[in-house]
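Trainee: any chance you could fold what I've pasted below:
(3 chains)
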Amino acid sequence: MSGRLSPGIIVILTLLTAFVFAAAGADLLAQNDPLRQSLLMRLRPPGTSTATTSYLLGTDDLGRDLLARILYGARASLLVATLSVSISLLVGTILGLLAGWLRGWTAILVMRFVDTMLSIPAILLAVLTVAVLGPGFLTLVLVLGLTRWPRYTRVAFAQTLQVVTLPYIRAAEMAGCGPMRILLRHILPNIAGPLMVVATSEFGLMILFEAGLSFLGLGVQPPYPSWGSIMAAGRQYVQRAWWLTVFPGAALFVLVLCVNLLGDWLRDRVDPTSRSR
Amino acid sequence: MSDTLQITDLKVHFPGRGGEPIRAVDGVSLSIAPHETLGLVGESGCGKSTVSNATVGLVSPTSGSVRVLGTELAGANARTLRAVRARAQMVFQDPVMSLNPRMTVGAAIGEPLLVRNLGRGIALRTRVAELLEEVGLRPEHASRYPHQFSGGQRQRIVIARALALRPALLVCDEPVSALDVSVRAQILNLLVELQSRHGMSMLFVSHDLAVVRHVCDRVAVMYLGLLAELAPGDVLYSKPLHPYTKALLAAVPEPDPVMQRAKPRVLLTGEIPSPANPPSGCRFHTRCPIAIDICRHEVPAWRHVGNSQVACHLV
Amino acid sequence: MTAPALSVDNLSLAIGDAVVVDGIGFSVAQGEVMAIVGESGCGKSITAQAIMRLLPPAIRRTSGTIRLGDDDITAISERAMQAIRGRRMSMIFQEPQAALDPLATIGTQIAEALRQPLSRARPAVRKMLEDVGISDPDRRVDQRPFELSGGMCQRVMIACALISRPTILIADEPSTALDVTIQAQVLDLLRHLAIERRTAVVLITHDMGVVADIANRVAVMYAGRIAESGPTEAIFAAPRHPYTALLLASIPRLSDTPKSQLATIEGRVPTPAEYGSGCRFANRCPRADARCSNETPRLRSIGPDHFTACHHAEAMA
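Mentor: Take a look at the predicted model:
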């Protein structure tokens, strides 16, 4: 891929980097402890300051600093998305590669399994699993990771089937490469492009899922902040304290938009005509 | 001295749609002696690519025998195949798709040695540099990627990779068809030179009779899964026996207008039949200008006529 | 003297800033087969597309005129051009199966070339199928392209192109994708149809054998320019451009001695980014000198109807 980046994509990458830094450096950036409650400072508007500190984005219903909670909430969103995408990418790619390489019964079984998984509504599956296993960060990651893999498998399978017919795979066989080497060194690098495109769009979706499940109370548990749960709490105070829904909502919107735009850009770059370059 | 390659009554059938198998190769026998180049020519559907794939074990024979340096490939297990591939290598038609786009050229050339533990580190790099120079490229090219090279250069890289294990048999499947005219000559010269230097045997598959003339000692002509004629180059091109060979030779346009326009026209009628449904008797009878009754019913036997071998009732 | 059926004058095409076809000119008379021959990247295919005004958006014409007989069609409207395409000027392509609509019967497609429904055009379509040598035309009319072989599809494409009796037929590598025995049949057909119907044929090819077979005149293109043009016999017997000579010398022939070394042209065809000043063949030419790298040779006459763009043409006699 050539290195010329348009101004638009630079802006997107900068914003995304800012989010990552905000999440990673929440300890340093947050003026206040996101968990510290203060009945005196309940539902204060943005810009409130006291003698000791200021609340740039206001406070929530328990007097906690909204800015700090949003910064720490970014961690939840990004961590859940990163971990769950990593798990589904790994599981999905392995299954797709094997199905494409071995074909026959393996492919039939894997793809039928994929079809079954894809027929179950995602949210329902997530909600049921959380209901059974109990809510929490780890459950959330596992649920999302283990229900989203079919999308990667489909892409990996189709791409593997295509690549496997190419002469350089036969040449690798002729050179004496075993199946593992062919899969990892010859097929995987050449199907990585489309898989990355799927991963990017799934990343945005996982951020939304995390927010949604936390909103429903099934995700990150209080008192730890998540944008979803902040907005859930803020629902009752929409007229008195609009900042509790608007700021986390805006953060969510901007982050997912950036991720989706990045995905679009990647997809254009990974177009087959440039893939063989 | 035993033959480098010996194919006896090779048949390769693929499952076809609607019950009838596709008889891509239906009883081919040929052999290649050490240091010899055999050309295999034919048009679409004749099965020449299937024969070349069977020679290196990329396709398994339905019946018959394929022996490379004495080792039988029919029914061979993975280990035997791997061992044979150290001695028989292939150069494919499409130079662009014969190289992994995500792998450096040096890594691609060195891979056959690497996976067999025949070299690593500096020794491997030195050998790769040697191979690059042998095919007319430079050692510093090893760190580049395939897309940075032209079609002709990519084909040289493919040849260098094929030579890495010093094979006794080199199978070239249409190695110059996808290249520009001015580059073809370079690659053909290279192949001829490499063969005389290393003394390997070569199976050269092509649809281009003029190219085959240039590179081969003996030539076999294939039609719809069977051999029509096999003869030393000089004999085949000057005194072809089989009507198909004659038609093929007549159809090749000579780059010489005076000669070309004076050539007697031998135009075959009709289309090439499908390998899924070959004609009865002699498969060429539907298009043969001199076919008679027996040709429709009886498959002609493969016989010796002078220095040639041919399958035709009328020879 | 009547105007030639097609004449192209000083045609230049560019992609962005790069001039990929530079000042091409040639003419074709009624009933004549003119071959444009060159390797990949020489610009022969986009020249053909430019004549049909079917250039992709990235390529634009920067100069030149195209005339059909007495009519200048260089800048006419797209609507006027659509009336010409398929009627006065037709084109056939390299991949016959890809150029035909897989869902429509071949009868419908040939009738479409006449802009008539099949019901009305059936007799004409049937006659055309016979003329192009398709056996059993009544049955074939209702078949679809996948039921036909490559050679037959190419004949169907020729039928589509010629049924409206165009004055000009542009054939872009018509036989490259075909087997050699089928190629011989198709080329023979093209030659006969050209002679019978007095169609002017522009034949784009990379195969000198095909040129020798059916072309009356030939223009050799290299890196976007015409290197040499003239009657086929003259060009083959006594080429006056080093590229033509080397190209002819490097082609393997049936009459060659086996295992002899073929003449080669060192290096490779330059990309448009690499075009410099002077002759574009200079860096590969055994006769090149300082003048060649600095001064672009102009296409000039070197014999009856024989033109060359080389400073050293005289020395090649």
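Trainee: show me which residues of chain A sit near chain B.
Mentor: Residues of chain A lying near chain B by C-beta under 8 Å from any C-beta of the partner chain: A:166-168, A:170-178, A:181, A:185-186, A:189-190, A:275-277. Glycine gets a C-beta too; all of them are placed from N, C-alpha and C.
Trainee: just the buried members of these?
Mentor: A:166-168, A:170-177, A:181, A:185-186, A:190, A:275 (16 or more other C-beta atoms under 10 Å in any protein chain shown).
Trainee: of those residues, closest to A:F21?
Mentor: A:R275 (32.0 Å; C-beta to C-beta).
Trainee: contacts only, for the residue in chain C that chain B sits nearest to.
Mentor: Nearest residue of chain C to chain B, counting by C-beta to the nearest C-beta: C:G209, 3.1 Å away. By C-beta atoms under 8 Å, 6 or more residues apart in numbering or on different chains, C:G209 lies in contact with B:252-255, B:260, C:251.
Trainee: which residue packs closest to B:D180, ignoring adjacent ones?
Mentor: C:E39 (4.3 Å; C-beta to C-beta, 6 or more residues apart in numbering or on different chains).
Trainee: number of nearby residues for A:G263?
Mentor: Neighbourhood size, A:G263 [other C-beta atoms under 10 Å in any protein chain shown]: 19.
Trainee: surely it meets A:G204?
Mentor: Yes. Using C-beta atoms under 8 Å, A:G263 is in contact with A:G204, at 6.9 Å.
Trainee: quick check: closest non-adjacent residue to A:L29.
Mentor: Closest residue in space to A:L29, ignoring its immediate chain neighbours: A:L71 at 5.7 Å, by C-beta to C-beta, 6+ apart.
Trainee: name the next helix or strand downstream of the helix or strand containing the one you found, please.
Mentor: Here A:L71, judged by DSSP states H and E, is contained in helix A:66-102. Toward the C-terminus, helix A:66-102 is succeeded by helix A:104-119 as the next helix or strand (DSSP H and E).
Trainee: give the next helix or strand downstream of that next one.
Mentor: Helix A:104-119 is succeeded, C-terminally, by helix A:122-133 (DSSP H and E).
Trainee: tell me which residue of chain C is furthest from the middle?
Mentor: The C-alpha centroid of chain C is most remote from C:S119, which lies 34.0 Å away (C-alpha atoms, centre = their mean).
Trainee: that one in helix, strand or coil?
Mentor: Per DSSP: H, G, I helix; E, B strand; the rest coil, the local secondary structure of C:S119 is helix.
Trainee: and it, how far from chain A?
Mentor: 43 Å (C-beta to the nearest C-beta, to the nearest Å).
Trainee: helix or strand for residue 27, which one?
Mentor: Here I'm looking at chain A. helix A:26-29.
Trainee: sorry, should have said chain C
Mentor: strand C:18-28.
Trainee: chain center to that strand, what's the gap?
Mentor: In terms of C-alpha atoms, centre = their mean, to the nearest Å, the centre of strand C:18-28 is found 13 Å from the chain centre.
Trainee: next SSE after it?
Mentor: strand C:33-37.
Trainee: wait, does that next one contact chain B?
Mentor: No. With C-beta under 8 Å from any C-beta as the criterion, chain B is not reached by strand C:33-37; the gap is at least 9.3 Å.
Trainee: show me what the next helix or strand after that strand packs onto, helices and strands only.
Mentor: Stepping forward along the backbone from strand C:33-37, the first helix or strand reached (DSSP H and E) is helix C:44-51. On a contact count with 3 or more C-beta pairs under 8 Å, 6 or more residues apart in numbering or on different chains; DSSP states H and E, helix C:44-51 meets strand C:6-15, strand C:18-28, strand C:33-37, strand C:59-68, strand C:168-172, strand C:200-205.
Trainee: what angle do helix C:44-51 and strand C:33-37 make?
Mentor: Helix C:44-51 runs at 130 degrees relative to strand C:33-37, counting by axes from the mean of the first three to the mean of the last three C-alpha atoms, to 10 degrees.
Trainee: what about the helices in the chain?
Mentor: Let's take chain A. Assignment of helices within chain A using DSSP state H yields the ranges A:7-24, A:26-29, A:66-102, A:104-119, A:122-133, A:137-147, A:149-164, A:167-175, A:179-181, A:188-215, A:227-234, A:243-269, A:272-275.
Trainee: the chain in question should be chain B.
Mentor: Listed in chain order (using DSSP H), the helices of chain B are B:48-55, B:78-85, B:105-115, B:121-134, B:151-163, B:181-198, B:209-215, B:233-238, B:243-251, B:257-262, B:293-297.
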